[in-house]
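K.L.:
here's a sequence, model it:
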Amino acid sequence: MRTYKIFFCLLAIFFYGCDDYLDRAPDLNLDENKIFSNYETAYKFQADIYTNLQKGFNVLGSFDPAPIACATDEAESRFGWNTSNLFNVGSYDDVDNRISRNYEGIRKANIFLSKKDIIPFPNQEMKDRLMGETFFLRAFFFHEIIKRYGGMPILNDKILYPNDKLELSRNSYMECVAAILDDLKNAIGLLPVTINENEQGRVTRGVAMALKSRVLLYAASPLWDKENTNPDKWKLAYEAATAVLNLKDENGSPVYRLLRGNGVSDYEKVFLLRPDEGNTEVIFWYNNVPVGFSSSEIRVWAPSGEGFGGIGAVAPTQNFVDLYEMSNGKPITDGTSGYDSQDPYKDRDPRFYKTIIYNGSVWQGVTAELYMGGKHRLSKERCRTGYYVRKYLPESLTEKSSNKAYHNWIYFRLAEIYLNYAEALNESMQKPSSDVYDAVEAVRTRSGMPLLPRNLSQAEMRQRIKNERAVELAFEEHRWWDIRRWKDGEKCFNGPMYEMEITKNSDNSYTYNKVVFEERIFTDKMNLYPIPKSEMDKNALYQQNPGWNNY
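P.N.:
Numbers count the residues shown, from 1 in each chain. Below is the predicted model of the structure:
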């Protein structure tokens, strides 16, 4: 079998460097039969579908763009022009609008699938793989749409071009879920379990199974209670997660394993190592080339101030920091936890120290001075909340070095699947079973956190799982969607957001004081985005989401 060594981050360049007829803009009349009757050009066309995937490091804003975390209680962006700040005051139209980008990916997939009978595939194995990848990508792009807007037109049997007239009614959310699951069934049946190391970044069977787990979990969640009345919805969700956890390779070994054995340092390594470097936890990620400090996805996240040199645009909130338990496993709100509000960073969940840069912490050999007037917080405008993000950042990438390193945006990893399983199984029974405990604790204990208290009620376990997802999956673009599907937005995203105001005293001690820096707006209608006016104007049959008609 021929080996294909393609880095998908370069596919757009590779694709548009082909024959003249491939250089033509997508809205022109391409000679599709000429493209697909040649395997090399057909292969390049299919590979180009991957370019519609998007990393989550810098997605909101037009200058020093911030991640979507800055529109949650996870963080704040200090730049007013970042569209995360529009979200935070309730302005949604055209913010994070990925309809066109994702429907474009769906259109590419539809074209490729429609030409399967004329493509001269070299063998059945390669045909199955490319078809399976394409079914997955179509499902992935469509899920990106419906998690934002709810039910939208299903275009699996339609190939629309930019100048086509759109008169398409919206399908229901559950009809869209059914279409996604059909694509994933096809993908799972066609894709290999493992691939060669030099094919990293391509879709495998486990990737499609992981998306199925997420799709079914979202569909079973409270946001869709009125539409999804299937009494087995939680059972379907935990069965889908179980299938990923139990997936074996040709030797009978688990395909994915939590990176563990070295305590919390393994948690940090998940985001810095690739599978060929021993990362057994990652399932699907954006296959990036190494980047340096000057890359926006490093520089924008990196801490600001003397010795750091980053933009510091992602500032964790005190609301989010407070979600980290003490190292004894008790929340800081528990009077017996040992939490000291004037020594707030002592004995916290080990993941806190791998995720947050806080006053007195050391990063790249520099001690962070995040008290008011400190060299890393000369003003509140320089550091909005008193914190910077450490997660994702390779410590070897400094402002003055030319070093480069892999910087992985992960779509799916095994820890999420364990937590998907735990949540779905807990919701399917009146009291959590030992299997629920085992799944949550597999994630917690990897980083050195203790076992959960026994005899938790279903509601108590639910809250523990929610908090575990917040901490374990921090800044991975999960909380934005988790809070919505749980319908917890008015509790978590609405109202005061806190910073930590730190004063250095004359005896070199510190006084810590939580202060409100912003009042945010979140109402129930914001669980779904409004369809942007630009999209409504294209399609007379679109009906706006509830509560947004006068937007």
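K.L.:
any idea how far apart the tips of stretch 247-263 sit?
P.N.:
Length of stretch 247-263, first residue to last, Cα to Cα, to the nearest Å: 25 Å.
K.L.:
residues near residue 305, how many?
P.N.:
The criterion is other Cβ atoms under 10 Å. On that basis, residue 305 has 20 neighbouring residues. C-betas here are computed from N, CA, C, even on glycine.
K.L.:
and the gap between the closest residue in space to it that isn't next to it in sequence and residue 355?
P.N.:
With Cβ to Cβ, 6 or more residues apart in numbering as the criterion, residue 305 has its nearest non-adjacent residue at 3.5 Å, and that residue is residue 376. Separation of residue 376 from residue 355 (Cβ to Cβ, to the nearest Å) stands at 17 Å.
K.L.:
then residue 520?
P.N.:
22 Å.
K.L.:
so which of these two has more stuff around it?
P.N.:
Between residue 520 and residue 355, counting by other Cβ under 10 Å, residue 355 is the more crowded of the two (25 against 21).
K.L.:
now that one: closest residue in space, sequence neighbours ignored.
P.N.:
The shortest distance from residue 355 to any non-neighbouring residue, by Cβ to Cβ, 6+ apart, is to residue 391 (4.4 Å).
K.L.:
what stretches of the chain score poorly on pLDDT?
P.N.:
Residues of the chain meeting the criterion pLDDT under 70: 1-30, 80-81, 161-163.
K.L.:
grab the longest helix from it for me.
P.N.:
The longest helix of the chain (DSSP state H) is helix 124-149.
K.L.:
by contact count, what packs against that one?
P.N.:
The helices and strands touching helix 124-149, judged by 3 or more Cβ pairs under 8 Å, 6 or more residues apart in numbering; DSSP states H and E, are helix 39-49, helix 99-114, helix 173-190, helix 205-220.
K.L.:
now the angle from it to helix 39-49?
P.N.:
With axes from the mean of the first three to the mean of the last three Cα atoms, to 10 degrees as the basis, helix 124-149 and helix 39-49 are set at 20 degrees to each other.
K.L.:
would you map the strands across the stretch 401-550 of the chain?
P.N.:
In the stretch 401-550 of the chain, the segments counted as strands under DSSP state E, counting those that start in this stretch are 410-413, 495-504, 510-520.
K.L.:
would you format these as a markdown table with distance to residue 438 included?
P.N.:
Conversion of these to a markdown table gives the following (distance: least, Cβ to Cβ, whole Å):
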| stretch | distance to residue 438 |
| --- | --- |
| strand 410-413 | 18 |
| strand 495-504 | 35 |
| strand 510-520 | 36 |
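K.L.:
out of those strands, deepest packed?
P.N.:
Each of the strands of the stretch 401-550 of the chain was assessed for mean neighbour count using mean count of other Cβ atoms under 10 Å. The highest is strand 410-413, with a mean of 22.
K.L.:
strand partners (parallel or antiparallel) of that one?
P.N.:
Looking at strand 410-413 with DSSP bridges, its partner strands are strand 282-285 (antiparallel).
K.L.:
residues of whatever helix or strand comes next after the strand it pairs with that come out buried?
P.N.:
Secondary structure here is assigned by DSSP states H and E; on that basis, the next helix or strand after strand 282-285 toward the C-terminus is helix 296-299. For helix 296-299, a neighbour-count test (16 or more other Cβ atoms under 10 Å) marks 297-299 as buried.
K.L.:
give the contact list for the residue lying closest to residue 71 once chain neighbours are set aside.
P.N.:
Closest residue to residue 71 apart from its sequence neighbours, by Cβ to Cβ, 6+ apart: residue 87 at 3.7 Å. With Cβ atoms under 8 Å, 6 or more residues apart in numbering as the criterion, the residues that contact residue 87 are 60, 71, 95-96.
K.L.:
phi, psi of residue 87?
P.N.:
Listed backbone geometry of residue 87 is phi -50, psi -40, with angles given as degrees, to the nearest 10.
K.L.:
ok, back up a step: so the residue nearest to residue 305 sits in a strand?
P.N.:
No: the secondary structure assignment for residue 376 gives coil rather than a strand, going by DSSP: H, G, I helix; E, B strand; the rest coil.
K.L.:
verify the stated contact: it with residue 368.
P.N.:
Yes: between residue 376 and residue 368 a contact is recorded at 5.4 Å, counting by Cβ atoms under 8 Å.
K.L.:
find residues that contact each of those two.
P.N.:
Common contact partners of residue 376 and residue 368 (Cβ under 8 Å, 6+ apart): 303, 388.
K.L.:
center of the protein - which residue?
P.N.:
residue 477 (3.5 Å; Cα atoms, centre = their mean).
K.L.:
residue contacts, the residue nearest to that one when sequence neighbours are not counted?
P.N.:
Taking Cβ to Cβ, 6+ apart, and ignoring the residues beside it in sequence, residue 477 has residue 56 as its nearest neighbour in space, at 4.5 Å. By Cβ under 8 Å, 6+ apart, the contact list for residue 56 reads 67-68, 409, 476-477.
K.L.:
between those residues, which is nearest residue 443?
P.N.:
Distance to residue 443, by Cβ to Cβ, is smallest for residue 476 among the contacts of residue 56, at 13.2 Å.
K.L.:
how close does that closest one get to residue 412?
P.N.:
As it turns out, when the distance is counted by Cβ to Cβ, residue 476 lies 10 Å from residue 412.
K.L.:
same check, this time on residue 85
P.N.:
Residue 85 is 29 Å from residue 412, where distance means Cβ to Cβ.
K.L.:
same check, this time on residue 228
P.N.:
22 Å.
K.L.:
before we move on, what about residue 299?
P.N.:
27 Å.
K.L.:
now residue 237
P.N.:
From residue 237 across to residue 412, the span is 15 Å (Cβ to Cβ).
K.L.:
just residue 365 next, same as before
P.N.:
Residue 365 is 34 Å from residue 412, by Cβ to Cβ.
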